[in-house]
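Undergrad: Give me the fold of what follows.
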Amino acid sequence: MKTTLPTIIRVIEPISFGVVIVLLLVLGAEFLNGWTDAPNATAAAVASGVLTKRSALWLAVLLNAAGTLSALFFGAAVAHTIGTGIVSPDSVTLYSIGAAMTAIILWGLFAAYIGLPVSKSHALFASLAGVAFQSGGTGALLAAGWITILKGVAISTFIVFIISWTFSSLVLFANIQWMTDRHWRQLQAFTVMLVAFGHGWNDGLKFIGVFALVLLLGGITTIFYISPWVVVLCALVMGAGTFLGGWRIVSRISRDMVNNVYHPSQGVVAEFVAACGIGATAFFGIPMSTTHTVVSSIAGAKAAHGFHSVSWKTVLVIVQGWIATIICCSIFAYCLSYIIGLFL
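TA: Sure, this is the predicted structure:
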């Protein structure tokens, strides 16, 4: 019996100027995502001397883009969670999404300027919550989606820290004689690629979900659908953003979190655990912060040598940045959405 594929996507009207502007804002946020999160994959390898800044950056560019493109083959579960799972599509408008993206971009630029590693994922969650709450109250926030986000927070902080600490402790206890420093450093070049790939597959898909939501709200598509051309476009944009490197943030992480590494195995364990956590959650559609995950994994690996070896002062600064991200982005997005609403 002959079967035909259903029509999944259909253009129903010419794209408007407003839709173009909001889509450009989404791409701007994706660009910033690559720019400021590049250090997550490269900081440990640069600090330990495994890779130069230039070679680490090129690896991050290629693997970030490849990770995003992998959604074409492995699915875009994270994009669906973001686009339809955390706020009701009926509670947001085209212009409130624009307000949310503006809040993310401004906050991300400020954080990059002062060299503070903040989570673009949490900036996105907070901004979407702010605009949805402004128009629809608490009923606009979908409980199931926020539970999924909380799972991601727990995995990226406590669970990753514990696993990284455990694995690093086991490696130290085993004292593998045949693995020289040179072998560990060569292996770390591979784990850098794993983190960069995982970042693209998880973090890159978040803004792809928003892009697809804008197409739906703007009347360009009739249902929420992750089109292959959207994946390719966002992969290229995030790769271009990654090329800028975010070296202020690299300096903070490598200087305060990664310096005084007692053994090269720490970098391998930290990056491998982070990459596994990011990849596993991407497969199951759990949005997770790469920044959270990498910093927690580095802290866990260093703690294997004694908790005193972790720069807890730096950890506190980073945690304060995460909290500030949630507060500032939600309030700023709320206010922008309210102001825009007065004129529309």
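Undergrad: Please name the residues that touch the closest residue to residue 199 other than its chain neighbours.
TA: Among residues not flanking residue 199 along the chain, residue 290 sits closest, at 4.6 Å (CB to CB, 6 or more residues apart in numbering). Heads up, the C-betas are built off the backbone N, CA and C, glycines and all. Listed by CB atoms under 8 Å, 6 or more residues apart in numbering, the contact partners of residue 290 are 37, 40, 119, 121, 195, 198, 199, 202, 203, 274, 278.
Undergrad: got the CA coordinates for stretch 158-173 in CSV?
TA: Extracted in CSV, the C-alpha atoms of stretch 158-173 (Å, rounded to 0.1, in the frame of the first residue of the first chain):
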residue,chain,number,x,y,z
PHE,A,158,25.5,17.9,43.0
ILE,A,159,25.5,14.7,40.9
VAL,A,160,28.3,15.8,38.5
PHE,A,161,30.4,17.0,41.5
ILE,A,162,30.0,13.7,43.3
ILE,A,163,30.8,11.6,40.2
SER,A,164,33.8,13.7,39.3
TRP,A,165,35.1,13.5,42.8
THR,A,166,34.6,9.8,43.0
PHE,A,167,36.3,9.0,39.6
SER,A,168,39.2,11.3,40.3
SER,A,169,39.7,9.7,43.7
LEU,A,170,39.7,6.3,42.2
VAL,A,171,42.2,7.3,39.5
LEU,A,172,44.5,8.7,42.2
PHE,A,173,44.1,5.6,44.4
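Undergrad: residues in contact with it?
TA: The contact list for stretch 158-173, computed with CB under 8 Å, 6+ apart, reads 263, 265-266, 269-270, 272-274, 277, 292-293, 296-305.
Undergrad: What residues sit buried inside that stretch?
TA: 159, 160, 161, 163, 164, 165, 167, 168, 169, 171, 172 (16 or more other CB atoms under 10 Å).
Undergrad: what's the answer for stretch 127-147, then?
TA: Residues of stretch 127-147 classed as buried: 127-135, 140-142, 145 (neighbour count, 16+ other CB under 10 Å).
Undergrad: Looking at those, which one is closest to residue 108?
TA: The nearest member of the buried residues of stretch 127-147 to residue 108, counting by CB to CB, is residue 127 at 10.7 Å.
Undergrad: Would you quantify the distance from that closest one to residue 335?
TA: Distance, residue 127 to residue 335, by CB to CB, to the nearest Å: 11 Å.
Undergrad: Could I get the CA-only coordinates of stretch 23-39 as CSV?
TA: Extracted in CSV, the C-alpha atoms of stretch 23-39 (Å, rounded to 0.1, in the frame of the first residue of the first chain):
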residue,chain,number,x,y,z
LEU,A,23,14.5,35.9,14.7
LEU,A,24,17.6,38.1,14.5
LEU,A,25,17.5,38.6,18.3
VAL,A,26,17.2,34.8,18.7
LEU,A,27,20.2,34.3,16.5
GLY,A,28,22.0,37.0,18.5
ALA,A,29,21.4,35.1,21.7
GLU,A,30,22.7,31.9,20.0
PHE,A,31,25.8,33.8,18.8
LEU,A,32,26.4,35.0,22.4
ASN,A,33,25.8,31.5,23.6
GLY,A,34,28.7,30.2,21.5
TRP,A,35,30.9,33.2,22.4
THR,A,36,30.6,33.1,26.1
ASP,A,37,30.3,29.3,26.6
ALA,A,38,33.4,28.5,24.5
PRO,A,39,35.6,28.5,27.7
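Undergrad: so how far is it off the chain centroid?
TA: 10 Å (CA atoms, centre = their mean, to the nearest Å).
Undergrad: now that stretch: mean pLDDT?
TA: Here stretch 23-39 scores 87 as its mean pLDDT.
Undergrad: tell me which residues in that stretch are buried?
TA: So, applying 16+ other CB under 10 Å, buried residues of stretch 23-39: 23, 25-39.
Undergrad: No more questions from me, cheers.
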